[in-house]
Every structure is written in C-alpha cells, then in structure tokens.
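S.K.: Pasting the sequence and the predicted model now:
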Amino acid sequence: MIQNLARFIFCFLLFLLMVQLFSCHQNGRQPSKNNKVREDNSLTLTYQDTLLKYLSLQDFKDHTIINKKAIEFGEDQYFNKSGYNWIFLAYNYLLQDKIDSIEIALDNLDGKVSPDLCVLKDYFSIRANFSFNDVTNIGTMEKMIDAKEYALEIKSRFSFLFFNLLANANYRRAEYRQALRDNESWYSYHPNKYDPHVAQAYQEIKFMQYIELHDDNKLKETLDSCKYYANKTTDSAIIMRMYNLQSQYFFSIGNNRQAVEASQKYFNYLSSSKMLNSYAYANLAKNFLNNHQIDSAIYYFNAGLQFIRTHKSKQNKLFYYQNLQLAYALKGDYEKAYFTLDSAYQDYKNSIKNIENDRINEINTRYETEKKDQAIKLLKATNAFNYQIMVQQRWIFVILFALIFSLAFFIYYRNKQKLLTNINQRIIAENRQLILEQKTRQNQLNPHFIYNAIANLQGLISSDQKSKANQYLILLSRQIRDILELNREEYISLDQEIKSLKNYILLQQMRYQDLFDFEIEKGNIDVDDVMIPPMLIQPFVENAIEHAFKNLDYRGYLQILFSQTSDQLHIIVSDNGRGVQSDKINARHKTSLSQIITKERLELLFNDPMQKATIEIKPNYREDNRGYRVEIHMPLVFTF
C-alpha cells in the first residue's frame with residue numbers, strides 16, 4: 001500500500017517537472033516560436049521557387065513584374081503572415097533603387113524570421129549597398145562572408161547568391177583566382193545548375209575571369225562553352241551577347257579588326273533593341289582605340305560619358321577619361337587630352353571624397369550599432385535575471401502545490417483504506433452466510449433420498465426377501481454414511497463421488513430387480529486429484545431411475561460420463577427412458593427441482609465471472625424421441 005502511494009506521488013511530481021521544463025523551454029531559447037505563424041511547406045516552396053526563378057541569374061526583372069506577383073500571392077492570407085511579403089517588397093524597392101525603403105521593409109521581419117527568410121533578409125540587406133562597378137569595402141566583404149557561412153550552415157537553397165556577390169567583389173578587387181573559386185562555388189550550390197541559362201551564365205563569368213588571368217587556352221575553351229549553352233537557351237539576347245565575348249577574345253589574342261567587327265554587331269543589336277548601356281559604349285570605343293580608329297574611339301567614349309550623365313549610371317568614369325585622354329594624345333590634340341586628364345582627376349577626387357564619406361558613415365554606423373548592442377546586452381541580462389526570479393517563484397509554487405496535493409491524497413487514501421476494510425469484512429460475513437445456505441441446500445437433498453430408501457427397504461421386508469433386505473440394508477448404511485461424511489465437505493474427490501454413485505445405483509437396481517443397466521466412464525481424468533461438490537450428480541441419477549425406467553417394456557440403460565476439456569469438467573447423465581411421455585407433470589416437477597437446487601449450489605460455489613458453471617437438460621434427445629440427457633459444465637478444481 002505504501003509502495004503504491006509512493007509510486008503515484010513520484011509519477012505525479014515527474015509529470016509536474018516535465019510541465020515545468022517544457023514551459024521553461026518555451027520561454028527560453030525560442031522567444032519567437034510562440035509568435036511565429038506555422039509555415040505551410042507547399043506555399044513556402046512556391047514563394048521560394050518564384051524568388052529562385054528571378055534571382056538565379058542575377059537577372060533583376062522589371063519591378064512591375066515582382067509587384068504583380070506579390071499582389072497575386074497577397075490573395076492568400078498566409079502570404080501576408082509568412083514574412084515573404086516583406087521580401088518581395090524589398091525586392092521591388094531594390095529594382096526601383098529605393099535603398100532606404102529596403103531596410104525599412106526588412107526590419108518588419110524581426111521576431112518571425114525562419115532560417116531561409118533570415119538568409120534572404122541578409123542577402124537583400126547586403127545587395128542594397130553593393131555595387132557591381134566599384135570596389136567593395138572590407139566591412140561589406142565581412143558581412144557577405146558571415147551571411148554565406150550561415151546560409152551554408154542551415155543548407156539554404158539561397159546560399160549560391162552570396163558566392164555570386166563574392167565573385168563580383170573579388171573580381172573588382174583584382175583577386176581573380178579567388179573570384180574564379182567563388183564562381184565555381186556559385187555554380188556548385190545553384191539549385192538550377194542544369195538549366196542552360198545558368199550554365200551559360202557560369203561559363204560567361206568564367207570567361208571574364210580568364211581574360212584577366214590572360215589564360216588564352218582556357219579563354220577559347222570557355223568561349224566555345226558559352227556559345228554552346230547560349231544556343232541551347234534559344235534566347236536572342238544571350239546569343240547576340242556572344243559577339244561581345246568574341247570581341248573581348250579577339251582583343252585578348254591581338255586581333256583588333258575582328259574585335260571591332262564583333263563589338264559593332266553587338267552594339268547595333270543593343271541599339272536596335274533599346275538596351276544600350278555604358279559598358280557597350282566602353283567596349284566598342286576601346287576596340288576602336290586598339291584598332292587605331294582614333295576618331296571613332298573618341299566619339300564613342302564621349303557618347304558613353306554622356307550616357308552615364310543622362311542615365312545617372314554608377315559606372316566608373318575613370319576608365320572613360322583615361323582612354324579618352326590617350327585617344328586625344330594619339331591624335332595630337334594635347335589640349336583636350338589635358339582637360340580630359342583634369343576631368344579624370346576631378347572625378348577621382350570626388351570618388352575619394354565619397355569613399356571617405358562612406359567610411360565616416362560606416363564608423364558612425366558601427367558606433368551606433370555598438371551602442372545598440374550594449375543596450376541589447378544590458379536588456380538581455382535584465383530579462384535573464386527576471387526570468388530566473390520567475391523560474392524560482394514557479395518552482396516554489398510547484399513544490400507547495402505538490403506537498404498540498406500529497407497531503408490531500410494521503411488523507412483520501414487512508415479513508416479509502418478504512419472503507420475498503422469495512423467492505424471486506426462485510427463480504428466475508430456474506431460469504432459465510434452463503435456457505436451456510438449451501439449447506440442447507442445440500443441437506444434438502446438428503447431427506448429426499450432417505451425417504452425413498454426407507455420405502456424401498458420396507459418393500460423388501462414386506463415381500464419377505466430377507467437376504468436382499470439385509471444386502472440392501474448394508475448398501476443403505478454405506479450410502480447414509482457417505483451422505484453424513486461427504487456432506488460435511490465443500491468439495492470431495494471425484495473418486496469418492498463415483499463410489500457413492502455406484503453404491504446408490506446398486507441400491508436402486510436391487511429395488512427394481514435389475515430392470516436397468518448402468519455405466520460410469522471417467523476417461524483419462526485423475527479421479528483422486530479432481531474435486532467436485534458432494535451429491536451433485538445423485539439427484540439427476542435418482543430422477544432417471546425413478547421416472548425414466550418406470551413401466552418400461554425394454555431394459556433401461558443409464559450412462560454417466562466424465563470428461564475433461566481445457567479447464568472445464570464435463571459431466572453427462574443420460575438414459576434411454578420414455579422421456580416426457582411418462583408421468584409428464586411429476587417428471588417435469590422433479591427435474592425442475594433438481595435443476596434449480598443444483599444450479600443454486602453451483603452459483604454459490606463459482607461466482608467468478610471468469611469461471612462459470614452451467615447446467616443444460618435435453619429431454620427426448622434420442623432419435624426415437626425418448627430419453628433424458630443432463631449436461632453439467634463446471635471449472636476444474638484440483639486438490640493440492
């Protein structure tokens with residue numbers, strides 16, 4: 001009893017501990033989990049696939065396309081709660097060159113950022129301040145490397161984006177070997193690297209890096225790969241861009257005439273397609289200069305500078321000024337060469353000034369960031385202290401609650417034990433009463449038998465059959481002794497029951513002058529070990545002899561069978577008498593009385609639902625519509 005109580009209290013305290021730990025975990029290292037909307041994987045993948053489609057080649061589409069797609073996704077409420085709506089908005093601002101708005105949009109992701117959203121947030125934050133034309137500063141390089149490492153750590157699908165930025169940054173810093181390695185990683189981690197567009201972009205970037213490395217063999221091999229994948233894309237813009245690559249290849253191997261022809265074809269295509277850019281002017285002008293077509297070179301250098309000023313392009317103008325000054329010098333116009341060089345100097349001074357301003361702003365930003373970090377650390381320390389106090393208070397409450405509950409349970413358990421003890425005593429008293437009733441019902445059978453036996457003995461004496469009367473009296477005395485001795489027991493062995501039955505049947509055979517035969521079969525049952533309630537079968541045997549064999553015109557036959565099936569003892573008492581056709585009322589009354597008394601005895605003895613005893617009577621069971629058959633099924637009881 002005490003062990004069960006201790007086990008229950010231990011289990012309950014363990015349950016409270018698990019609840020407490022789970023609550024602490026929820027308030028500990030995962031502060032955003034309670035506020036985060038559970039993402040639907042299929043919808044999240046749809047948003048990611050759309051972004052991959054637009055970002056895979058660094059091909060920034062028209063902002064109206066992105067805006068239209070965001071509006072389409074916005075029809076689903078999950079999109080507005082997932083955080084991807086802010087990513088699409090930042091992408092839209094990037095295409096419109098609204099740098100400040102990008103940071104505002106990304107700030108809305110705080111507190112509900114999944115790993116992939118965190119990667120995209122880092123990318124757009126870096127991309128907003130990244131220039132493909134200027135040298136990348138150290139601070140931005142460090143941010144890109146940290147963001148790349150985090151993306152690789154969580155195995156994000158967007159890891160390749162940072163390798164693309166690093167490849168461009170190292171290219172501008174003249175670290176071409178590293179840029180080449182970054183480009184290899186970009187292609188290796190690209191989720192759509194088997195797309196011809198991606199493969200062509202990869203080969204084209206390699207081509208630009210091999211130009212700077214002056215590796216003509218790799219340059220020719222890469223150019224052929226570019227043409228191959230360009231034709232597979234069936235994109236006219238990409239195919240025409242191969243002329244630009246050809247011009248750079250011819251320039252690299254010193255074939256200036258073919259370089260001019262190739263660059264002119266590409267420039268004319270861009271002009272007719274209204275897709276001219278500052279790079280096209282620079283490349284064509286440079287090729288004219290290398291081919292000693294000075295006037296054409298000067299024209300296109302000036303046109304390129306005008307294009308930059310008109311479109312406010314971020315293209316570095318120093319390249320134009322340097323080559324334009326060289327073109328004027330080769331032509332002999334040293335005055336214009338001087339003014340061009342002066343413009344280049346002024347532009348350089350402005351660039352240096354801008355760089356210094358950027359550095360100052362970066363230092364200020366870093367200072368403000370450090371202040372914020374210190375404030376955040378102080379706030380976290382305060383929150384941690386408050387959290388520890390809250391945990392201690394919670395544990396005190398749990399322990400007090402456990403003690404109160406344990407005391408209440410102990411009082412309840414103690415009262416329940418007293419109640420169970422009273423119930424147990426009452427059940428014991430009821431069992432004693434039932435046993436007395438059983439004894440009484442057994443004694444109801446004994447006068448019934450003795451009355452018949454005395455009548456039989458009286459008949460033998462009246463008929464002056466002294467020898468038979470003496471023999472009958474001996475058998476009767478044995479039977480009375482068995483009744484007196486066996487009825488004292490709740491159970492007797494099956495062997496004793498069989499001997500008592502034989503003695504009784506022999507008495508009846510003497511009475512009816514051998515008008516019937518009998519047979520008792522005990523099969524393979526160990527009659528010394530199997531126990532049975534005394535005088536259980538005798539009433540049914542008596543009914544068969546008294547009523548079934550009365551006034552028969554043929555010899556009667558009584559059969560008693562004992563068999564064992566599983567954990568049941570099966571008893572069959574059958575005869576070939578006249579059945580219900582003879583003395584119907586009395587026979588029915590006698591059988592009913594025997595059945596009721598025996599059934600009540602068995603119910604008192606076997607009251608366990610798992611061990612039931614049954615009695616079944618089948619009148620006229622034979623094919624000739626005669627005979628009685630009584631079947632008794634009861635649990636096996638062994639003596640030990």
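M.R.: Arrived safely, thanks for sending. Numbering: from 1, shown residues only.

S.K.: make it CA atoms for all contacts and neighbour counts henceforth
M.R.: Will do.

S.K.: Contacts for stretch 517-531, please.
M.R.: Contact with stretch 517-531 is made by 491-495, 498, 505, 555-564, 636-640, as judged by C-alpha atoms under 8 Å, 6 or more residues apart in numbering.

S.K.: Going through the residues you listed, which ones are buried?
M.R.: 491-495, 498, 505, 556-560, 562, 564, 636-637 (16 or more other C-alpha atoms under 10 Å).

S.K.: Would you point out the most distant pair within those?
M.R.: Pairwise distances across the buried ones among the contacts of stretch 517-531 peak at 32.6 Å for 556 and 637 (criterion: C-alpha to C-alpha).

S.K.: right, and the helix or strand after the strand or helix carrying residue 383?
M.R.: Secondary structure from DSSP states H and E places residue 383 in helix 334-462. Using DSSP H and E, the helix or strand that follows helix 334-462 in sequence is helix 466-486.

S.K.: For that next one, name the packing helices and strands.
M.R.: With contacts taken as 3 or more C-alpha pairs under 8 Å, 6 or more residues apart in numbering; DSSP states H and E, helix 466-486 sits against helix 334-462, helix 494-511.

S.K.: Deepest-packed of the ones you listed, please.
M.R.: helix 494-511 (a mean of 19; mean count of other C-alpha atoms under 10 Å).

S.K.: ok now that helix, how far from the chain's centre?
M.R.: How far helix 494-511 lies from its chain's middle: 72 Å, per C-alpha atoms, centre = their mean, to the nearest Å.

S.K.: Might you list the low-confidence residue ranges for the stretch 451-600 of the chain?
M.R.: By pLDDT under 70, the weakly predicted segments of the stretch 451-600 of the chain are 452, 581-594.

S.K.: Can you give me the neighbour number for residue 176?
M.R.: Using other C-alpha atoms under 10 Å, residue 176 is surrounded by 22 other residues.

S.K.: roughly how far apart are the closest residue in space to it that isn't next to it in sequence and residue 245?
M.R.: With C-alpha to C-alpha, 6 or more residues apart in numbering as the criterion, residue 176 has its nearest non-adjacent residue at 6.1 Å, and that residue is residue 209. Separation of residue 209 from residue 245 (C-alpha to C-alpha, to the nearest Å): 12 Å.

S.K.: And residue 334, by the same measure?
M.R.: Residue 334 is 33 Å from residue 245, by C-alpha to C-alpha.

S.K.: So what's the residue count around the residue nearest to residue 176?
M.R.: For residue 209, using other C-alpha under 10 Å, the count is 24.

S.K.: which residues sit in contact with it?
M.R.: 171, 176-177, 179-180 are the contacts of residue 209 under C-alpha under 8 Å, 6+ apart.

S.K.: Which of those fall in helices?
M.R.: When the contacts of residue 209 are checked against helices (DSSP state H), the matches are 171, 176-177, 179-180.

S.K.: of the residues you listed, buried ones?
M.R.: The buried subset of the ones in helices among the contacts of residue 209 - by 16+ other C-alpha under 10 Å - is 171, 176-177, 179-180.

S.K.: Hey, what's the angle from the helix or strand hosting residue 520 to helix 494-511? Just curious.
M.R.: Applying DSSP H and E as the criterion places residue 520 in strand 516-521. Going by axes from the mean of the first three to the mean of the last three C-alpha atoms, to 10 degrees, strand 516-521 is angled at 170 degrees with respect to helix 494-511.

S.K.: List the buried residues in strand 516-521.
M.R.: residue 516.

S.K.: ok, residue 159 to residue 273 distance?
M.R.: 34 Å.

S.K.: swap in residue 236?
M.R.: 11 Å.

S.K.: now residue 526
M.R.: Taking C-alpha to C-alpha, one finds residue 526 at 111 Å from residue 273.

S.K.: who's more crowded, the two?
M.R.: Counted by other C-alpha under 10 Å, residue 526 and residue 273 do not tie: residue 526 has more neighbours, with 14 against 10.

S.K.: Just say helix, strand or coil for that one.
M.R.: The assignment at residue 526 comes out as coil when based on DSSP: H, G, I helix; E, B strand; the rest coil.

S.K.: So which elements touch the longest strand along the chain?
M.R.: Ranked by number of residues, the top strand in the chain under DSSP state E is strand 556-565. Judged by 3+ C-alpha pairs under 8 Å, 6+ apart, strand 556-565 is in contact with strand 516-521, strand 568-575.

S.K.: re the thing from before, could you dump the contacts of residue 209 to JSON lines with pLDDT and distance to residue 625?
M.R.: Converted to JSON lines, the contacts of residue 209 look like this (pLDDT from 0 to 100; distance: C-alpha to C-alpha, whole Å):
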{"residue": "171", "pLDDT": "89", "distance to residue 625": "113"}
{"residue": "176", "pLDDT": "89", "distance to residue 625": "114"}
{"residue": "177", "pLDDT": "91", "distance to residue 625": "112"}
{"residue": "179", "pLDDT": "91", "distance to residue 625": "109"}
{"residue": "180", "pLDDT": "92", "distance to residue 625": "108"}
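
S.K.: which one of the residues you listed is nearest residue 287?
M.R.: Using C-alpha to C-alpha, the contacts of residue 209 come closest to residue 287 at residue 171, 21.7 Å.

S.K.: Tell me who's in contact with that closest one.
M.R.: 179, 209.

S.K.: That one and residue 556: what is the separation?
M.R.: 121 Å.

S.K.: With residue 302 instead?
M.R.: 140 Å.

S.K.: now residue 397
M.R.: 86 Å.

S.K.: which neighbours does the strand holding residue 520 have in its sheet, and in what orientation?
M.R.: Paired neighbours of strand 516-521 in the sheet (DSSP bridges): strand 556-565 (parallel).

S.K.: any idea how far the strand it pairs with is from the chain center?
M.R.: 62 Å.

S.K.: Using TSV, lay out the helices and strands packed on helix 466-486 together with distance to residue 569.
M.R.: Compiled in TSV, the helices and strands packed on helix 466-486 are given as follows (distance: least, C-alpha to C-alpha, whole Å):
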stretch	distance to residue 569
helix 334-462	21
helix 494-511	11
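
S.K.: picking that back up, among the buried ones among the ones in helices among the contacts of residue 209, which one lies nearest to residue 474?
M.R.: residue 180 (123.7 Å).

S.K.: Please name the residues that touch that closest one.
M.R.: With C-alpha under 8 Å, 6+ apart, residue 180 has these contacts: 167, 206, 209.

S.K.: I'd like to know how far it sits from residue 56.
M.R.: 18 Å.

S.K.: what's the answer for residue 265, then?
M.R.: From residue 265 to residue 56 the distance is 28 Å (C-alpha to C-alpha).

S.K.: for residue 341, same thing?
M.R.: On the measure of C-alpha to C-alpha, residue 341 and residue 56 end up 40 Å apart.

S.K.: Next: residue 236.
M.R.: Applying C-alpha to C-alpha to residue 236 and residue 56 gives a distance of 19 Å.

S.K.: What residues of stretch 473-486 count as buried?
M.R.: 473, 475-476, 479-480, 482-483, 486.

S.K.: wait, stretch 609-620
M.R.: 613, 615, 617, 619-620.

S.K.: one step back: the longest strand of the chain vs strand 568-575, what angle?
M.R.: Going by the same axes, to 10 degrees, strand 556-565 makes 170 degrees with strand 568-575.

S.K.: Using CSV, write out every CA atom in strand 556-565.
M.R.: Extracted C-alpha coordinates of strand 556-565, given in CSV (Å, rounded to 0.1, in the frame of the first residue of the first chain):
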residue,chain,number,x,y,z
GLY,A,556,-33.2,-49.5,-19.3
TYR,A,557,-29.7,-48.1,-19.6
LEU,A,558,-28.1,-45.3,-17.5
GLN,A,559,-24.9,-43.8,-18.6
ILE,A,560,-22.7,-41.3,-16.6
LEU,A,561,-19.7,-39.8,-18.5
PHE,A,562,-16.9,-37.7,-17.0
SER,A,563,-14.5,-35.8,-19.4
GLN,A,564,-12.0,-33.0,-19.2
THR,A,565,-11.8,-30.3,-21.8
